[in-house]
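Engineer: Below: sequence and its predicted model.
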Amino acid sequence: MIKSIHWYIILAFVLLGVMFGCAKQPYSSSNKIYRQQTKKFAKTLQANPGLPVSDSIQQPKHWVGTTNFNLRKPHFVILHHTAQENCNQTLNTFTSSKREVSAHYVICKEGTVYHILNDYLRAWHAGVSRWGQVEDINSVSIGIELDNNGSEPFPSAQIDALLALLNKLKSMYNIPTGNFIGHADIAPSRKQDPGILFPWELLAKQGFGYWYGDTSKVNVPKDFNGEYALKMIGYDMKNPASARVAFRRHFLSATINEVFSNAELKVLYLIWQKYY
Ligand SMILES: [Zn+2]
């Protein structure tokens, strides 16, 4: 009898173990890796002359620790759509070390915001890209992914959550108005997101990115060069046709690959003036 009671107790513990195992947070293992990684980076930041300084020229004999500094701040916000089916799929992707992609925030359709990386750390969202003279966009930007398959409108709850987040980021890091741009703007030959359905005009009205306004009284100078203007705004002109399409995607909700019409040149002229 005593023996069988022992077995009941063991069985109860096994069952409890299984139950706790099932209730385990779905992202606990990736959270653990996150903690390990940030601890490693904290060590790099705290390194003093007694330790090798892995992120600068090693001259320990001449090291003097200044008292006046803070963290470097992000200077751009890059907006993406996930091109995936739902938020869970995106979170799975961003917590899989095999995929080697990430962002700082994921915003679901109903407005839930997942913060998945500290703003001061470098996410892997931009890839090979360029804006003006900046080529390492990941080092200077915050990446925000919107749950969207690329061919559906963005629900207002999702955009409201995005606007609230952008407000916070803009004031926290003093990000310039013109530096709220899309993935397709910085990688015109490779990317299309956040796509022609993204409400750039609405964002610009709230101070995130530029918009052109009334074009009816605009006189574009005869010597105005569209390609030069795109370059001055920031577009990578390695492939001028791709840059044109990226501009159209962002400001004209179109994707045709032709030289700019007079009406389109007016839009470009106004946007160019906002940047310069
Ligand atoms: Zn993207």
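Structural biologist: Perfect, I can see it now.
Engineer: can we go C-alpha only for contacts and neighbour counts from here?
Structural biologist: Fine.
Engineer: Determine how far stretch 128-148 lies from the middle of the whole chain.
Structural biologist: Offset of stretch 128-148 from its chain centre (C-alpha atoms, centre = their mean, to the nearest Å): 6 Å.
Engineer: Which positions in it come out as buried?
Structural biologist: 129-131, 135, 137-148 (16 or more other C-alpha atoms under 10 Å).
Engineer: Point out the ones among those that are inside strands.
Structural biologist: 141, 142, 143, 144, 145, 146 (DSSP state E).
Engineer: Now do the same contact list for the first one.
Structural biologist: Going back to what we said before, that points to residue 141. 74, 75, 76, 77, 78, 122 (C-alpha atoms under 8 Å, 6 or more residues apart in numbering).
Engineer: Confirm for me that residue 137 is in contact with residue 124.
Structural biologist: No. Assessed by C-alpha atoms under 8 Å, residue 137 is found out of contact with residue 124, at 9.5 Å.
Engineer: Which residue does the stretch 101-250 of the chain have closest to the ion?
Structural biologist: When you check the stretch 101-250 of the chain against the ion by C-alpha to the ion, the closest residue turns out to be residue 183, at 5.0 Å.
Engineer: now the chain
Structural biologist: Taking C-alpha to the ion, the ion has its nearest neighbour within the chain at residue 80, 4.2 Å off.
Engineer: My guess is that residue contacts residue 149. True?
Structural biologist: No. Applying C-alpha under 8 Å, one finds residue 80 not in contact with residue 149, separated by 10.8 Å.
Engineer: Break down the stretch 151-276 of the chain into its helices, ranges please.
Structural biologist: Here the stretch 151-276 of the chain has its helices, by DSSP state H, counting those that start in this stretch, at 156-173, 183-186, 200-205, 226-233, 240-251, 262-275.
Engineer: closest to residue 44 out of those?
Structural biologist: When the helices of the stretch 151-276 of the chain are compared by C-alpha to C-alpha, helix 156-173 sits nearest residue 44, at 23.1 Å.
Engineer: for the record, mean pLDDT for the closest one?
Structural biologist: For helix 156-173, mean pLDDT is 98.
Engineer: Pull the residues that contact it.
Structural biologist: Residues contacting helix 156-173 (C-alpha under 8 Å, 6+ apart): 73-75, 107-113, 146, 175-176, 203, 206, 208.
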